[in-house]
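Participant: Return atomic coordinates for the entry below.
(2 chains)
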Amino acid sequence: MTKNDDDKIKKIEQALIDSFRVEREVSINPQWCSNVMQDVRGLEVDRGVPSDVVWRFVTVSCCIAVVSVLVAAGVGINPQDSLAGLLISDPLGTMQPFLW
Amino acid sequence: MNYYKAMNSEDNDNICQSDEDVIAAILGGATDDFEIILRRYERYVFAIVIKHVPYETCQEVAHEAFIKIYYSLGSFKGKTPFKHFVATIAVRTCYDYWREHYRSMEAPMSSLTQEHNKWCDSIIAEESLEGFKRQQDTKEAREVLQWALSAMSAEERMVLTLTHLEGLSVKETAQLLGWSAINVKVRAYRARTKLKKQILKLIDVK
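Facilitator: Alright, predicted model coming up:
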C-alpha cells in the first residue's frame, strides 16, 4: 500500500464516518406503539424479587450454620457422645425388650 | 452527536412523573403505565436503532428492544439514569439482530454500481471542505458504508460502529456491550483493519 493509497483510504474513511454521523429521521408508524403495548400486556414482568429472597435466605442460612458450628465447638457438643448417652440412658424405654 | 450522553435536562422538562415512579407503578401491576415509558423513549430508541440496523427493520428491532426493557424493569436498580439502561438494551438488541442475521457472506464488489465509484472519485478528488461535506449525506455514501460493513461479523460491526463511527470511548462501548475494555480494544483494532482493507479493494478496482 502506497502513501497515496493511504491518503485515499483516510479520505474515504472520513467521508463514511461523517455520513454515518448525519442525523436521520425515522417515521414511526402510529400503529407501532399499540402493537408494542399489546405484546407487553401479554408478558409477565421479571420483578427480580424471587432471586433477592433466595439470596437473602441463603445468606441467613449460611450464617446460622456457621454460628451453630462455632457454638458446638466452643461448648464441646459432640453428636456421637450425645447419641451414645441417649442410647444408654434410654429415656423412652425403647431398649427394654432387648435387655435382660 | 453522541446521543448516549444527551442526558435528562431538556428531555425531562415536560415530565410530571419521574421514570422511577412509573417503573414502580409498572412493577406494582399497572402494566398500562409502560406506555408512558414507551412514549418518553421511543424517539431515543429509534435514534439508536437506526444507526445500527437497516432502515426497513428499525421498527421490528425497536419493538423487540421495548419488550426487553419491559421484561427487565425489575433489574433496574436506579444506580445509573434510566436512559443509560434503555440505551444499553437498545444497543444489545441491535447486536442480537446482527448475530441472528450474519451469514458470513460479504456483499460482492458487483453490488456497487457506477454511482458508487463516482462518489469515491469525487471524495478522493475533493479539495474544499464544503465540497467534501456535500458528499457526506448521499445515498451512495450510506450504501458504500453498508457494503464495507457487510464483510464484518456481528461483534466487529458493533464495535466498529460504536467506537470508530460514533466516536464513543472504549469504556462506554464496553459498558454498552457488556464486554471487557481489552476485548473492545482488540476487536476494534481488527475491525478497523478490515474496514481499511475493504476501502482499499474499492480503490484498487478503479
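
Participant: For chain A, name the helix or strand with the lowest mean pLDDT.
Facilitator: helix A:79-89 (a mean of 77; mean pLDDT, DSSP states H and E).

Participant: for the chain, what are the low-confidence residue spans?
Facilitator: Picking chain A for this. For chain A, the stretches with pLDDT under 70 are A:1, A:3, A:45-51, A:95, A:98-100.

Participant: Actually, chain B is the one I wanted.
Facilitator: Across chain B, the ranges flagged by pLDDT under 70 are B:1-15, B:103-111, B:126-137, B:205-206.

Participant: rewinding a little: go through the least confident helix or strand of chain A and flag the buried ones.
Facilitator: For helix A:79-89, the buried set under the neighbour-count rule, 16 or more other CB atoms under 10 Å in any protein chain shown, is empty. No exception for glycine: its C-beta is placed from N, CA and C like everyone else's.

Participant: Okay, helices next: where are they in chain A?
Facilitator: For chain A, applying DSSP state H gives helices covering A:3-21, A:30-41, A:49-75, A:79-89.

Participant: Equivalent analysis for chain B, please.
Facilitator: B:19-27, B:34-52, B:58-71, B:82-101, B:114-125, B:129-134, B:139-149, B:154-159, B:170-177, B:181-205.

Participant: Out of those helices, indicate the one that is most buried.
Facilitator: helix B:154-159 (a mean of 22; mean count of other CB atoms under 10 Å in any protein chain shown).

Participant: hmm, it touching chain A?
Facilitator: No - on the criterion CB under 8 Å from any CB of the partner chain, helix B:154-159 is out of touch with chain A, staying 12.1 Å away.

Participant: For that helix, which helices and strands make contact with it?
Facilitator: helix B:82-101, helix B:170-177, helix B:181-205 (3 or more CB pairs under 8 Å, 6 or more residues apart in numbering or on different chains; DSSP states H and E).

Participant: can the ones you listed go into TSV with extra columns for distance to chain A?
Facilitator: Below are the helices and strands packed on helix B:154-159 laid out as TSV (distance: least, CB to the nearest CB, whole Å):
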stretch	distance to chain A
helix B:82-101	13
helix B:170-177	15
helix B:181-205	5
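
Participant: Same list (these) but as a markdown table, adding distance to A:L86.
Facilitator: Below are these laid out as a markdown table (distance: least, CB to CB, whole Å):
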| stretch | distance to A:L86 |
| --- | --- |
| helix B:82-101 | 59 |
| helix B:170-177 | 61 |
| helix B:181-205 | 61 |
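
Participant: Quick one: closest of those helices to B:A154.
Facilitator: Nearest to B:A154, of all the helices and strands packed on helix B:154-159, is helix B:82-101, at 3.6 Å by CB to CB.

Participant: How about residues contacting the closest one?
Facilitator: For helix B:82-101, contacts defined as CB atoms under 8 Å, 6 or more residues apart in numbering or on different chains pick out B:3-4, B:7-8, B:11, B:19-20, B:23, B:41, B:44-45, B:48-49, B:52-53, B:57, B:61-62, B:64-65, B:68-69, B:72, B:76, B:154-155, B:157-158, B:162, B:175-178.

Participant: swap in stretch B:175-188?
Facilitator: Residues from elsewhere that reach stretch B:175-188 (CB under 8 Å, 6+ apart): B:4, B:87-88, B:91-92, B:95, B:155-156, B:158-160, B:162-164, B:168, B:170-171, B:173-174.

Participant: what about 10 Å?
Facilitator: Residues from elsewhere that reach stretch B:175-188, judged by CB atoms under 10 Å, 6 or more residues apart in numbering or on different chains: B:4, B:48, B:80, B:84, B:87-92, B:95, B:152-153, B:155-156, B:158-160, B:162-164, B:168-174.
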